[in-house]
Structures are given as C-alpha cells and as structure tokens.
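Chemist: 3D, please:
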Amino acid sequence: MLTLSQSALWIPASPAVRAIAKQQEARAYAALGDATACDQRFNEAEELAHQAFEHPEQAPAWLYFYEPDFFTLQRGLVQYLLQRHDQAVALLTLGLDRVTPEVRRSEWIGRYLCKLAAAHAAIGNTATAADLVHEIRDIATATSAAQLLHDAERLARQLGL
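Modeler: Numbers count the residues shown, from 1 in each chain. Okay, here's the model as predicted:
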C-alpha cells in the first residue's frame, strides 16, 4: 500500500487524485504504526483536498464518492489504526452523521461502523458498541454482505453479545 500510494504521487494528476493517493499513504503509515509520518501525510492530503474542493471540475468521474465527509471517515480510520480511539470515535461519528441515510445503509459504510464500534469498545462504551453491532448486522443482512456479517459477529463475540 505504501509503495503503490507513493508511486501514484509521481504521476501528474488533479489535486483530488493526489489527495486520495496521499491519504492512502497516510493510511499505510498508520498500519505500520508510524503516527508522525501518518499525521504529516494526512495533513498534506487535506491541503490537496481543499484545492480539489475548490476545483471539482478537475476531478475524474471515477472519484464520484470524493467529498469532505469521505475524508473525515478516512481520518477517523487512521486514528483507529493508531489506537487513538477517542479521536477515532469523534471523527468516525462526525463523518457518519454527515452521510445520507441511504449511504449510511450501504455495505461500504458498514466497514467504518465496525471500526467505530471497536473504538467505542476500546474506550469502554460497550452499550454504544453493541448498538452499532446491531446496525452493522442489519446492513449486512440487507445488502447480503457475508464478510460484513462475519465482522459484525466477531465484534459481537468480543463484546459478549
């Protein structure tokens, strides 16, 4: 992930594409446990994102999902990976609260809900984590997402549900 993200930055591209590559690089550093590099790359990604938001016409059509709320979710994800659970809860909650009800019920959002539930559990908010597990199960059932349902059941076992 790190090498591919860095390679994507070598290619001339719009600020939106560069922001996505830079935040993926930050995510790779988070997975490796390098908080300093992660934070630096994410700050750079956010600067590129601001440029991109000012010129949406430069973004390719395949970045249809690219908006500030997506970036907030990604920032929350890296905070979770860095075990900054309070920050992960705040950012993931903010990003999830801003998506439409239809998007909130999508399979891909279920992945963020899993991280949010795990972060809540890590800071002792087990009731909130349990509520999120129920929401994840509902999404997984409605979207026939077997892997998401498996992840929800794993979380439920960890919480003793």
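
Chemist: Around Arg157, how many other residues sit close by?
Modeler: 10 (other C-beta atoms under 10 Å). C-beta here means a position set from N, CA and C on the backbone, and glycine is covered the same way.

Chemist: And it, how far from Ala129?
Modeler: 12 Å (C-beta to C-beta, to the nearest Å).

Chemist: ok, now Ala156?
Modeler: On the measure of C-beta to C-beta, Ala156 and Ala129 end up 10 Å apart.

Chemist: quick one, which of the two is more surrounded?
Modeler: When neighbours are counted by other C-beta under 10 Å, Ala129 comes out ahead of the other of Ala156 and Ala129, with 22 against 17.

Chemist: Mind listing what's buried along the host helix or strand of the more buried one?
Modeler: Counting by DSSP states H and E, the element that carries Ala129 is helix 126-143. Of the residues in helix 126-143, those with enough neighbours to count as buried (16 or more other C-beta atoms under 10 Å) are 128-130, 132-133, 135-137, 139-140, 143.

Chemist: From these, pick the one nearest Glu44.
Modeler: Leu132 (31.0 Å; C-beta to C-beta).

Chemist: For the closest residue in space to that closest one that isn't next to it in sequence, grab the count of nearby residues.
Modeler: Excluding the flanking residues, the one nearest Leu132 by C-beta to C-beta, 6 or more residues apart in numbering is Ala117, at 3.8 Å. Ala117 is flanked by 29 other residues according to other C-beta under 10 Å.

Chemist: so how far is Leu81 from Ala117?
Modeler: 15 Å.

Chemist: cool, Val99 as well?
Modeler: Val99 is 21 Å from Leu81, by C-beta to C-beta.
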